[in-house]
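*Asks:* 3D, please:
(2 chains)
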Amino acid sequence: MSTDLYFDPDKVADRKPYEQIDHGWASVSPFDIPDYLTLGIDPKDGLIHCIDFHYQGGETAGQFQRLIDPGDPQIRVFQGQRSGKILRMEFSAPIRFEQIPDIGGRINGAAPSIEAPSTRLNHMLVGRLLQDWDKVFTKLDEPPNLGGG
Amino acid sequence: MSKQTHWLLSATAWYCVKFAGALSAAGLAASAIYAKGDGISSWIPGLGMTTIIAVAEFSGKRIDEKEKAIRVATDRKAAEAIAKAEARSDQIARQIVTGIIKQLRIRFFEFGDAPIHKTEDRITLFVCRERVDNGVVKKRLEIFARAGAYADSTCSWDVSDNESDECRGIAGKIWLKGTQIFQEAACEYPKDDDLGKKLQYAESLGISVAEAERLRLKSISFTGFQCMTGGDCWGVILVDSKRKNQILQPETPESPKTKQEKTRFREQEKLLKQYADILCLACEGIEL
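*Replies:* This next block holds a predicted model:
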């Protein structure tokens, strides 16, 4: 079972990271700002085993997988071949909804050590969005059925 | 075989091979074997058959040549038609994309009662093209569409996936970093020959003084990002202005923004995201 959740552009803009560079600033490219995410939910227990992020630009995930910190559960990140942006996140053990902000915090924590600016800024943004996951989606008339967990 | 007969046979064989084909030459040889040199009368049936074959082969060859000529002419016409159609579709694509960025330019620079400046506010979509230079593949950002001053410019910037020094100008910097960039020149380009100011201006934009001198619009503020299609970087979108505070920079503790500036900055950011999505789709079908 999967559930799509669309980001509110205003809420995303509030969380855009900026880094100072010579004579200016660098920020996450519009093509590295996710439009929505898909939660991969196990219908048996309602736990999340993966999260897919969707962007404009059609980049596909490479073979390269990055393990974010040694925390529990382990997070495997599938990055875009060119930009290094997060396209998919898999967890070594399924997680509950309440754990999503913690996952966001870990990604945010790992971001500063990433060398490539586009990858680093995308990780920062995704981390921040997951940390505030209950505030960043477009308002729906009815809350989506996110299962138990 | 007499000397005359020998010459006659050789000449006929040569003509057969040249104008008719191997089959008639073979026919001639067969009639020589059949005649065994028993006088000219014994040659008549063989030579008759050979002549018929030669005429048939010659006609066949002529038809082949005609068909070949027609095919070449048809291929040339088809190639010309394809080139014409490609040029037309390229022109249409440029017109469509120019229309999109013209709209973005108006929405990006017009705010409240402040109108857009006809010659000092600009948006350019650069396309990345490759060329082989001394066996090395070189990349260059060329103007694909422009809304604003000097739309007919042929200005282009070198870029490289590997060498940062080979990425020229703000467009090159955007290409290299893969992020959105907000940048302001260290100073305005001097109206006099102040070389120090020229150097300061050029260095802050990642170009040489000579390159800065060649710029017809000496912009001072910039923002831009890579344009992605099909998972690849198609080019670069660059917004530039010669006016101060038209392309707003992010807020810092050192340079706090007014409420109006904050609203405008947010609007500009949202517009760039919206139009990035549109341009991504528009450029997807354009073959380079």
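*Asks:* Around the closest residue to residue A:112 other than its chain neighbours, count how many other residues there are.
*Replies:* Excluding its sequence neighbours, the residue lying closest to residue A:112 (CB to CB, 6 or more residues apart in numbering or on different chains) is residue A:120, at 7.0 Å. Bear in mind the C-beta positions are built from the backbone N, C-alpha and C, glycine included. Neighbourhood size, residue A:120 [other CB atoms under 10 Å in any protein chain shown]: 21.
*Asks:* I figured residue A:120 hits residue A:111, correct?
*Replies:* Yes - if you go by CB atoms under 8 Å, residue A:120 and residue A:111 touch, sitting 5.4 Å apart.
*Asks:* report the longest helix in chain B, please.
*Replies:* helix B:44-109 (DSSP state H).
*Asks:* wait, chain A
*Replies:* Chain A, longest helix under DSSP H: helix A:117-131.
*Asks:* That one packs against which elements?
*Replies:* strand A:18-21, strand A:24-27, strand A:86-95, helix A:100-110 (3 or more CB pairs under 8 Å, 6 or more residues apart in numbering or on different chains; DSSP states H and E).
*Asks:* so can I have a markdown table of these showing distance to chain B and mean neighbour count?
*Replies:* Shown next, in a markdown table, are the helices and strands packed on helix A:117-131 (distance: least, CB to the nearest CB, whole Å; neighbours: other CB atoms under 10 Å in any protein chain shown):
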| stretch | distance to chain B | mean neighbour count |
| --- | --- | --- |
| strand A:18-21 | 4 | 15 |
| strand A:24-27 | 3 | 21 |
| strand A:86-95 | 10 | 19 |
| helix A:100-110 | 17 | 18 |
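*Asks:* just so I know, which of the ones you listed lies nearest residue B:170?
*Replies:* strand A:24-27 (8.9 Å; CB to CB).
*Asks:* Distance from the chain centre to the closest one, please.
*Replies:* 21 Å (CA atoms, centre = their mean, to the nearest Å).
*Asks:* Helix or strand next in line after the worst-scoring helix or strand of chain A on mean pLDDT, which one?
*Replies:* Within chain A, judged by mean pLDDT, DSSP states H and E, the helix or strand with the poorest mean is strand A:61-68; its value is a mean of 74. Next in sequence after strand A:61-68, counting helices and strands by DSSP states H and E, comes strand A:75-80.
*Asks:* That following strand vs strand A:86-95, what angle?
*Replies:* Relative orientation of strand A:75-80 versus strand A:86-95 (axes from the mean of the first three to the mean of the last three CA atoms, to 10 degrees): 160 degrees.
*Asks:* partners of strand A:75-80 in the sheet?
*Replies:* Note on strand A:75-80: by DSSP bridges, its sheet partners are strand A:61-68 (antiparallel), strand A:86-95 (antiparallel).
*Asks:* Of all these, which one comes closest to residue B:187?
*Replies:* strand A:86-95 (39.2 Å).
*Asks:* So what touches that closest one?
*Replies:* Residues outside strand A:86-95 that contact it (CB atoms under 8 Å, 6 or more residues apart in numbering or on different chains): A:42, A:45, A:47-53, A:55, A:59-61, A:72-80, A:103, A:107, A:122-123, A:126.
*Asks:* got the contact list for residue B:120?
*Replies:* Here residue B:120 is in contact with B:149, B:217, B:219, B:241, B:242, B:243 (CB under 8 Å, 6+ apart).
*Asks:* Can you tell me the closest non-neighbouring residue to residue B:149?
*Replies:* Per CB to CB, 6+ apart, closest to residue B:149 is residue B:119, 4.4 Å.
*Asks:* Doesn't that neighbour lie inside a strand?
*Replies:* No - using DSSP: H, G, I helix; E, B strand; the rest coil, the assignment for residue B:119 is coil, not a strand.
*Asks:* So it is in contact with residue B:109, correct?
*Replies:* No - assessed by CB under 8 Å, residue B:119 is found out of contact with residue B:109, at 11.9 Å.
*Asks:* For residue B:212, what are phi and psi?
*Replies:* phi -60, psi -40 (degrees, to the nearest 10).
*Asks:* Point me to the helix or strand that includes the closest residue to it other than its chain neighbours.
*Replies:* Nearest residue to residue B:212 in three dimensions, chain neighbours excluded: residue B:202, at 4.0 Å (CB to CB, 6+ apart). Per DSSP H and E, residue B:202 falls inside helix B:195-204.
*Asks:* chain center to that helix, what's the gap?
*Replies:* For helix B:195-204, the distance to the chain centre is 33 Å (CA atoms, centre = their mean).
*Asks:* And that helix, what's buried?
*Replies:* B:197, B:198, B:200, B:201, B:202, B:203, B:204 (16 or more other CB atoms under 10 Å in any protein chain shown).
*Asks:* mean confidence score for it?
*Replies:* What helix B:195-204 shows for mean pLDDT is 94.
*Asks:* ok, which stretches of chain B are helices?
*Replies:* B:3-15, B:22-35, B:44-109, B:169-177, B:195-204, B:209-214, B:259-284.
*Asks:* now the angle from the third one to helix B:259-284?
*Replies:* By that I understand helix B:44-109. 170 degrees.
*Asks:* Which neighbouring elements make contact with helix B:44-109?
*Replies:* Against helix B:44-109 (3+ CB pairs under 8 Å, 6+ apart) you get helix B:3-15, helix B:22-35, strand B:121-133, strand B:136-147, strand B:232-241, helix B:259-284.
*Asks:* helices and strands around the longest one, which ones?
*Replies:* Other helices and strands packing on helix B:259-284, by 3+ CB pairs under 8 Å, 6+ apart, are helix A:9-14, helix B:44-109, strand B:221-229, strand B:232-241.
*Asks:* Return the most buried member of those.
*Replies:* strand B:221-229 (a mean of 25; mean count of other CB atoms under 10 Å in any protein chain shown).
*Asks:* Find out how far that one is from the centre of the chain, if you would.
*Replies:* 20 Å.
*Asks:* still on that earlier bit, quick one, which of the contacts of strand A:86-95 are buried?
*Replies:* A:47-53, A:55, A:59, A:61, A:75, A:77-80, A:103, A:107, A:122-123, A:126.
*Asks:* shaky segments in chain A?
*Replies:* The model of chain A has pLDDT under 70 over residues A:63-64, A:140-149.
*Asks:* picking that back up, in the least confident helix or strand of chain A, which residues are buried?
*Replies:* For strand A:61-68, by 16+ other CB under 10 Å, it's A:61, A:68.
*Asks:* returning to what we had before: just the closest of the buried residues of helix B:195-204 to chain A, please.
*Replies:* residue B:204 (4.6 Å; CB to the nearest CB).
*Asks:* That closest one touches residue B:189, doesn't it?
*Replies:* No - proximity of residue B:204 to residue B:189 does not meet the contact threshold set by CB under 8 Å, at 10.7 Å.
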